[in-house]
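>>> Give me a 3D structure for the following:
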Amino acid sequence: MLEKLKNRQFIREEKGKLLPTETGVAFFRALPESATLPDMTALWSAQQSDIEQGSKTVDEFVNALIDDLRQHVNTVSVGEIKGEAKPNSGQGERLATPCPNCGKDIVVRPKLFTCTGCDFKIWSTVAEKKLTNKQVEILIQKGKTGMIKGFKSKAGKNFDAMLILQDKTTGKVGFEFNHNGK
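Residues are numbered from 1 along each chain as shown. Next up, the predicted model:
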């Protein structure tokens, strides 16, 4: 059960303690009050006593429990649950290379690569050329990419250049041209 809660990112383990995530807290707050009250577990305990005494079967208890939970789940609006994005979901994909400014993760978004801990960002399209995750990782690691073909100037002319990381705090990039004919 705890592993499911961890995998679904409702809880996390920190220094041997289980702590709720933003998503877990949001989910808990979205539940109807009756589902979170200690009285609910007291009711279940009483029903278990009924099973022991033979006045209720296990199937009756489980079916009533499932029906009750189903009612509670159906009353929760998905729009009420707002929390952190999963690391491996669409917008949550991360580069293997950390931020050069603060060391936190860099999230891959449709239009930019952005740090989760500071204002560092690199636009995913530069001079009409879509950058790959690998190109951005090399740019961050080495401060410079290899020659990239297919940039387009404002005048509409194609050109090739290397990208350089001009500012490690903001992610500002610039071009370096190879004038040696190599």
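>>> now do the same end-to-end measure for stretch 120-130.
18 Å (Cα to Cα, to the nearest Å).
>>> quick one: that stretch to chain centroid distance?
21 Å (Cα atoms, centre = their mean, to the nearest Å).
>>> quick one: buried residues of the biggest strand by length in the chain?
The strand that spans the most residues within the chain, counting by DSSP state E, is strand 158-165. Neighbour counts using 16 or more other Cβ atoms under 10 Å place 161, 163, 165 of strand 158-165 among the buried residues. Backbone N, C-alpha and C define where each C-beta goes, glycine included.
>>> Using CSV, write down the CA coordinates of stretch 47-57.
The C-alpha trace of stretch 47-57 is given here as CSV (Å, rounded to 0.1, in the frame of the first residue of the first chain):
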residue,chain,number,x,y,z
GLN,A,47,-18.6,-3.9,11.3
GLN,A,48,-15.7,-6.3,11.8
SER,A,49,-17.0,-7.2,15.2
ASP,A,50,-20.4,-8.0,13.5
ILE,A,51,-18.5,-10.4,11.2
GLU,A,52,-16.8,-12.1,14.3
GLN,A,53,-20.3,-12.5,15.9
GLY,A,54,-21.7,-13.9,12.7
SER,A,55,-24.3,-11.2,12.1
LYS,A,56,-22.6,-10.0,9.0
THR,A,57,-20.5,-11.8,6.3
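>>> what sits up against it?
58, 61, 64 (Cβ atoms under 8 Å, 6 or more residues apart in numbering).
>>> would you list every one of the strands in this structure?
Using DSSP E, strands in the chain cover 11-14, 17-20, 106-108, 112-115, 121-123, 125-126, 129-130, 148-152, 158-165, 173-176.
>>> The second one - contacts with which helices or strands?
Using 3 or more Cβ pairs under 8 Å, 6 or more residues apart in numbering; DSSP states H and E as the contact criterion, the secondary-structure elements in contact with strand 17-20 are strand 11-14.
>>> Relative to the whole chain's centre, how far out is the strand it packs on?
Mean-position distance between strand 11-14 and its chain equals 15 Å (Cα atoms, centre = their mean).
>>> any idea of the mean pLDDT for it?
Averaged over strand 11-14, pLDDT sits at 86.
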